[in-house]
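Asks: what's the 3D shape of this:
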Amino acid sequence: MRARRGRVAPERVGLPVGRRRRVRGLRREELAQLAGISVDYYVRLEQGRATQPSAEVLDALARALGLAGAERRHLDTLASGRGGAVPRRGVSPLLRRVVDGLGPMPVFVTDHRLDVVAWNAVGGELIGGVGEPGRRDRNQARFLFLDPAARGVHPEWEARAAEAVGQLRVFAGRFPEDGELAALIADLSERSEDFVRIWGSGEVVVCGAGRKRVRHPRVGVLDLDYETLHVPDTPGEMGLVVHVFGAEPGGGQAAALERLGGGV
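Replies: Predicted coordinates:
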């Protein structure tokens, strides 16, 4: 909430902007007024000392902060204080057949710690050779923040890094009992100033669809469409994420993908 109130321009919510304002975004008392709650209660919420706020309070805070989609769901998760069971399901044989069967489209699968747990040949090659032991770390976050080669693979590195951090924040809120996930975040916080900077923004991300740019030494820069497919661990719980890439048939990007697939 602290990060989110810092990004809300006072004039956007009808508050005057004076020359002496030293706080970026909204002050605590301003947000409390907008949400219709006391300043003391808001401070306790922001500091994590007030538990289980009502749905009405969360609705009011979400409206005042302009939260929607993944950000709103993340607020609800944190406010409930009840994390989900840590996913333990591996990649099923059927899912592996699906991943292999989608070739020549690049496909890879990540878990809630951003470990790449399955891929087809062209998918593994697309993201830096994840299929070759020792070529790169199979954790996407460690690769992005601790391996200089990641900036060559991902020309839009800042966007990919922010995406990874946003996903880790969502999963950390959803699975607070996951010691391995907590250790990953602690390790990145200790070893990467960029991770600390982006984590401090408070962004949350749930992968969807769009376009991403990837560079490969053999075929150059690829601008690819992507979709993410979510495979629940159990009904209602987050599990594995399947990342599928492709290009419009007949175009230059599709031809480059064919060349990439022909070399693996």
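Asks: Ala162 and Ala255, how far apart?
Replies: Noted for Ala162: a distance of 31 Å to Ala255, by CB to CB, to the nearest Å. Using the backbone N, CA and C atoms, a C-beta is placed for each residue, glycine as well.
Asks: Mind telling me what element Phe108 is part of?
Replies: strand 107-110 (DSSP states H and E).
Asks: what's that strand in contact with?
Replies: 91, 95, 99, 116-120, 123-124, 126-127, 130, 140, 240-245 (CB atoms under 8 Å, 6 or more residues apart in numbering).
Asks: This protein: helices as residue ranges?
Replies: 2-5, 28-35, 39-46, 55-65, 70-80, 93-101, 121-126, 140-146, 150-153, 157-174, 179-191, 193-199, 252-262 (DSSP state H).
Asks: Make JSON lines from those helices and add mean neighbour count to it.
Replies: Below are the helices of the chain laid out as JSON lines (neighbours: other CB atoms under 10 Å):
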{"stretch": "helix 2-5", "mean neighbour count": "17"}
{"stretch": "helix 28-35", "mean neighbour count": "19"}
{"stretch": "helix 39-46", "mean neighbour count": "16"}
{"stretch": "helix 55-65", "mean neighbour count": "17"}
{"stretch": "helix 70-80", "mean neighbour count": "18"}
{"stretch": "helix 93-101", "mean neighbour count": "14"}
{"stretch": "helix 121-126", "mean neighbour count": "24"}
{"stretch": "helix 140-146", "mean neighbour count": "22"}
{"stretch": "helix 150-153", "mean neighbour count": "17"}
{"stretch": "helix 157-174", "mean neighbour count": "20"}
{"stretch": "helix 179-191", "mean neighbour count": "14"}
{"stretch": "helix 193-199", "mean neighbour count": "17"}
{"stretch": "helix 252-262", "mean neighbour count": "16"}
